[in-house]
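Chemist: What shape does this take:
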Amino acid sequence: MLLPELAEKIVNEIRRLIGEDIIVVNTQGYIIASTDPIRVGTFHEGALIASQKKRKLIITEEDQSILKGVKAGINLPILFQSEVVGVIGITGEPNKVTPFGEIIRKMTELLINENHYAEQFDWHSRAVESFVMDWVQAKNWDDSFRNRAKLLDINLHVKRATVIIQFLGLNAPLSRETWSSIFNRFQNNNQEVVSRSGNERMVLLINCSNGMTRTTIVNRLQQFLLFLSKNFGILAIAGVGQAFDSHAINHSYYQAERSLKIANQTEPIVFDEDLTLEMILEEIPIKEKNEFIIRTIGPILNEADLLLTLKELFNQNHSLKNAANTLHIHINTLHYRLKKIEELTHLNPHSIHDLFAIYLAIRFLDEQTKRKL
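Modeler: Modelled structure (predicted):
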């Protein structure tokens, strides 16, 4: 429990409070951290007595000639879950350092408890992340898999929908404290399995067997995205797959990934069940998409005004009047640009076939731009 690394941290924290020499000793009586490096690894009989008797031991100058490896001061047993895990010693005039005793002991025990919680949190979050990744990748449900689920208190016998939440624009990895706050958001809710997925994503596997509705999911996700924004300044988007039996959760996960690609800050929550054309477009390999762009709108890729005109035309559902107004150009200018597009690409924006080809090319171009960001 009391490893040298933690003991060193304890020494560094406490030396800020008092100017005396400090040692941390294990339950076998050996010093594992000290403000005096020479003492590390040496035996301290006073600390061993304090550990065995579970009580404070004051060491006087007279004791220095009787007990091995000691200096005048005070030795305090460190308790964790009612058991002695080590001893902290403060060197100095006993009457001077004793008043600090209980404060130092309490601070030390708090540091150990904090370290224990951090270790438990890291273990649990890694264990859940590993389990969820195995689950959504359709690994076999052998005895080991079921035992891991039981250990993590995960119910494998309900329908679940996958939600993948993507954090946007992170400049640095999230701290343990931030992840802890995020997970605590769900600690009283047994409807979801909550997991990290790297540092910029998290996965929710929502229990849909108890009448969970789309409205409930939307409300819960909206509240969570607002929580991220208000408390941590994190912008996030979410893709939601459909509900499947737990054996087929990989299908829901795939759908959540697919819908996440469509989500953006304007529409931060996207359900796979709402996708139509996107279902097909996501299946097209990037190489073919890039080649399609070149074959269709390749001749105007360096014509910023023409590309902007096409994008706005599609944004306005092919309303020439609305597109011209939004672009702040005369309608005749818009007609001129469309004519130029036809001349350069040999695609007629007034033909349904050609217009659809241009539309796909513009979408693929937007995807290409996003991938480069």
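
Chemist: For the rest of this, base every contact and every neighbour count on C-alpha atoms.
Modeler: OK.

Chemist: In terms of helices and strands, where is Tyr335?
Modeler: Careful, residue 335 is His; it's not Tyr. Element membership for His335 (DSSP states H and E) is helix 331-345.

Chemist: ugh, typo on my part, it should be Ile182
Modeler: helix 176-184.

Chemist: List the buried residues of that helix.
Modeler: 179, 182-183 (16 or more other C-alpha atoms under 10 Å).

Chemist: Please apply the same query to stretch 360-373.
Modeler: In stretch 360-373, counting by 16+ other C-alpha under 10 Å, buried: 360-362, 364-365, 367.

Chemist: same check, this time on stretch 50-59
Modeler: Within stretch 50-59, the residues scored as buried using 16+ other C-alpha under 10 Å are 50-51, 54, 56-59.

Chemist: so how far does it reach from one end to the other?
Modeler: End-to-end distance for stretch 50-59, by C-alpha to C-alpha, to the nearest Å: 11 Å.

Chemist: now it: mean pLDDT?
Modeler: Mean pLDDT, stretch 50-59: 91.

Chemist: How far does stretch 55-62 sit from its chain's centre?
Modeler: 48 Å (C-alpha atoms, centre = their mean, to the nearest Å).

Chemist: How about stretch 261-279?
Modeler: 22 Å.

Chemist: Next: stretch 133-140.
Modeler: For stretch 133-140, the separation from the chain centroid amounts to 20 Å (computed by C-alpha atoms, centre = their mean).

Chemist: Pro99 versus Leu313, what's the distance?
Modeler: Counting by C-alpha to C-alpha - Leu313 and Pro99 are separated by 78 Å.

Chemist: do Met133 as well
Modeler: Counting by C-alpha to C-alpha - Met133 and Pro99 are separated by 53 Å.

Chemist: what number of residues lie near Glu192?
Modeler: 20 (other C-alpha atoms under 10 Å).

Chemist: so who does it touch?
Modeler: By C-alpha atoms under 8 Å, 6 or more residues apart in numbering, Glu192 lies in contact with 186, 204-207.

Chemist: now do Ile297
Modeler: 345, 358, 361.

Chemist: same deal with Glu93?
Modeler: Taking C-alpha under 8 Å, 6+ apart as the test, what Glu93 contacts is 72-73.

Chemist: mind checking pLDDT for it?
Modeler: Glu93 is given a pLDDT of 82.

Chemist: For the helix ranked longest in the chain, name the packing helices and strands.
Modeler: Scanning the chain for the longest helix, with DSSP state H as the assignment, gives helix 101-136. Judged by 3 or more C-alpha pairs under 8 Å, 6 or more residues apart in numbering; DSSP states H and E, helix 101-136 is in contact with helix 4-14, strand 73-80, helix 143-151, strand 192-196, helix 249-260.

Chemist: quick revisit: just the buried residues of stretch 360-373: which are in helices?
Modeler: Per DSSP H, the subset of these in helices is 360-362, 364-365, 367.

Chemist: Kindly reformat those residues as CSV containing pLDDT and distance to Leu338.
Modeler: Converted to CSV, these look like this (pLDDT from 0 to 100; distance: C-alpha to C-alpha, whole Å):
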residue, pLDDT, distance to Leu338
Leu360, 94, 17
Ala361, 95, 16
Ile362, 94, 15
Phe364, 92, 20
Leu365, 92, 18
Glu367, 81, 23
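
Chemist: Which single one of those residues is nearest to Lys287?
Modeler: Checking these against Lys287 by C-alpha to C-alpha gives Phe364 as the nearest, at 10.7 Å.

Chemist: pretty sure the closest one contacts Ile293?
Modeler: Yes: if you go by C-alpha atoms under 8 Å, Phe364 and Ile293 touch, sitting 7.0 Å apart.

Chemist: Select only the buried ones of the contacts of Glu192 in PyMOL?
Modeler: Of the contacts of Glu192, the buried ones can be selected in PyMOL as follows, counting by 16+ other C-alpha under 10 Å:
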select buried, resi 204+205+206+207
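
Chemist: Show me which of the contacts of Glu192 is closest to Leu67.
Modeler: Phe186 (53.4 Å).

Chemist: gap between the closest one and Val193?
Modeler: 9 Å.

Chemist: And for Phe167?
Modeler: Taken as C-alpha to C-alpha, the span from Phe167 to Val193 is 18 Å.
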